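>>> Make a model of this:
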Amino acid sequence: MRIGAIEAGGTKFVCAVGSRNGEILERSSFPTTTPDETLDQVEAFFREHQVERLGVGAFGPINLRTVSEQYGTIGNTPKMAWRNFPLLQNLRSRLEIPVFIDTDVNVASLGEYNYGVAKDAGSCLYITVGTGIGAGFVQNGNIFQGYDHSEMGHILIQKHPEDDFEGACPSHRICLEGLAAGPAIEARYGKKGMELADQNNVWELEAYYLAQAIMNYFVILSPEKIIIGGGVMKQDKLYPMIRKQFMNLLNDYIEVEDVNQLIVAPELKDNQAVKGAIALTLQD
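Numbering: from 1, shown residues only. Coordinates of the predicted model:
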């Protein structure tokens, strides 16, 4: 079976064709522009590379309530051309095949669970730290879904006593995303993260905020694997810093046998979302 996959990001769309075992057979990417222009390129790709079904991991917020008339519709995104755009409906109409949709971070979590670093675990939490912060939780092969998709990047955390930055989230200011996402780093220091690679104080503060969030997620969800990816995590020095601060915060309250095996980097590199979109189409 040839399965289609889309990582529908706010910056670019990645289209792929794969097999049930997660092998990527064809792949193409292009900038996210207007819905019509972008979906014209999506349609052209899948007309050339025929598939039987399609999985989509989309930027959000997106309506995932299956009983809603707005199911599969992009919500209050800052990308104005996409606001209130019925993405799922348009893809089904254009391609005339079964289409399955979830958030980009949820399908990334599903990808690592099925094909990556969490394939031998019963549960995993995938966190992406980049332009925004989001997280998806998979247990026993199922993505966690409540009333709508979770927004774990917007939890409130304690500010560091020496951090006078006011926060970058327009809704909450000092939520996790407002303090630790890529734009927050740039706004705080006046430089992008890649320009601050040799400044350990920058990454110790970043680890301080991420460790708090991971501590909260861990005591609530108790995942077997916590996977952290995204552009900010290209700073490999962050992983040991986060592990150390996480263990300090946990303070032996819950036993962790090996924090190096609990908090890990993605194994699928930049393919976790498209592979997860493939897996999404195979769920019961």
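>>> my guess is Glu186 meets Met194, correct?
No. Glu186 is beyond contact range of Met194, at 10.1 Å (criterion: CB atoms under 8 Å). (Each C-beta comes from the backbone N, C-alpha and C, glycine too.)
>>> In terms of neighbours, single out the busier of these two.
Remark: of Glu186 and Met194, Glu186 carries more neighbours, 15 against 12, as counted by other CB atoms under 10 Å.
>>> Do you know the pLDDT at the more buried one?
Note for Glu186: predicted pLDDT of 97.
>>> repeat for Thr11
Thr11 is assigned a pLDDT of 88 by the prediction.
>>> Likewise for the one 4 residues further on?
Cys15 is assigned a predicted lDDT (pLDDT) of 98.
>>> Tell me the secondary structure of it, please.
Secondary structure state of Cys15, per DSSP: H, G, I helix; E, B strand; the rest coil, is strand.
>>> what's the neighbour count on it?
A count of neighbours around Cys15, defined by other CB under 10 Å, yields 26.
>>> Beta-bridge partners for it, please?
Ile6, Ser28 (DSSP bridges).
>>> got the contact list for it?
Residues near Cys15 by CB atoms under 8 Å, 6 or more residues apart in numbering: Gly4, Ala5, Ile6, Arg27, Ser28, Ser29, Gln41, Val42, Phe45, Phe46.
>>> can you pick the most crowded of those?
Of all those, the highest neighbour tally under other CB under 10 Å goes to Ala5, namely 30 neighbours.
>>> My read is that it contacts Arg20, right?
No. Using CB under 8 Å, Ala5 is not in contact with Arg20; the gap is 11.9 Å.
>>> Need the overlap of contacts for the two.
Joint contacts of Ala5 and Arg20 (CB under 8 Å, 6+ apart) are Ile278.
>>> Would you enumerate the residues in contact with the residue nearest to Arg83 when sequence neighbours are not counted?
Among residues not flanking Arg83 along the chain, Thr77 sits closest, at 5.5 Å (CB to CB, 6 or more residues apart in numbering). If you count contacts by CB under 8 Å, 6+ apart, Thr77 has them with Gly10, Phe59, Gly60, Pro61, Arg83.
>>> Then Glu7?
Contacts for Glu7 (CB under 8 Å, 6+ apart) come out as Phe13, Val14, Ala16, Gly57, Asp104, Val107, Ala273, Val274, Ala277.
>>> which of those lies closest to Ala211?
Nearest to Ala211 among the contacts of Glu7: Asp104, at 23.7 Å, using CB to CB.
>>> Contact partners for the closest one?
Counting by CB under 8 Å, 6+ apart, Asp104 touches Glu7, Ala8, Gly9, Gly57, Ala58, Phe59, Gly60, Thr128, Gly134, Ala273.
>>> Check the spacing between it and Met80 real quick.
Per CB to CB, to the nearest Å, Asp104 is found 19 Å from Met80.
>>> How about stretch 79-88, which residues are buried there?
Going by neighbour count (16 or more other CB atoms under 10 Å), the buried part of stretch 79-88 is Trp82, Phe85, Pro86, Leu87, Leu88.
>>> Between its first and last residues, how far does it reach?
Taking CA to CA, to the nearest Å, stretch 79-88 runs 17 Å from one end to the other.
>>> longest single helix anywhere in this protein?
As assigned by DSSP state H, the longest helix anywhere in the chain is helix 200-221.
>>> Outside of that one itself, list whatever touches it.
123, 125, 127, 129, 135, 137, 152, 155, 157-158, 160, 163, 176, 179-180, 185, 189, 193, 196, 223, 226, 228, 232, 235, 237-238, 241-242, 244-246, 248-250, 253-254, 263.
>>> For the residue most central in space within the chain, which non-adjacent residue is closest in space?
Nearest to the geometric centre of the chain sits Val105, at 2.4 Å (CA atoms, centre = their mean). Computed as CB to CB, 6+ apart, the closest residue to Val105 that is not its neighbour in sequence is Gly134, at 3.9 Å.
>>> That concludes my questions; thank you for your assistance.
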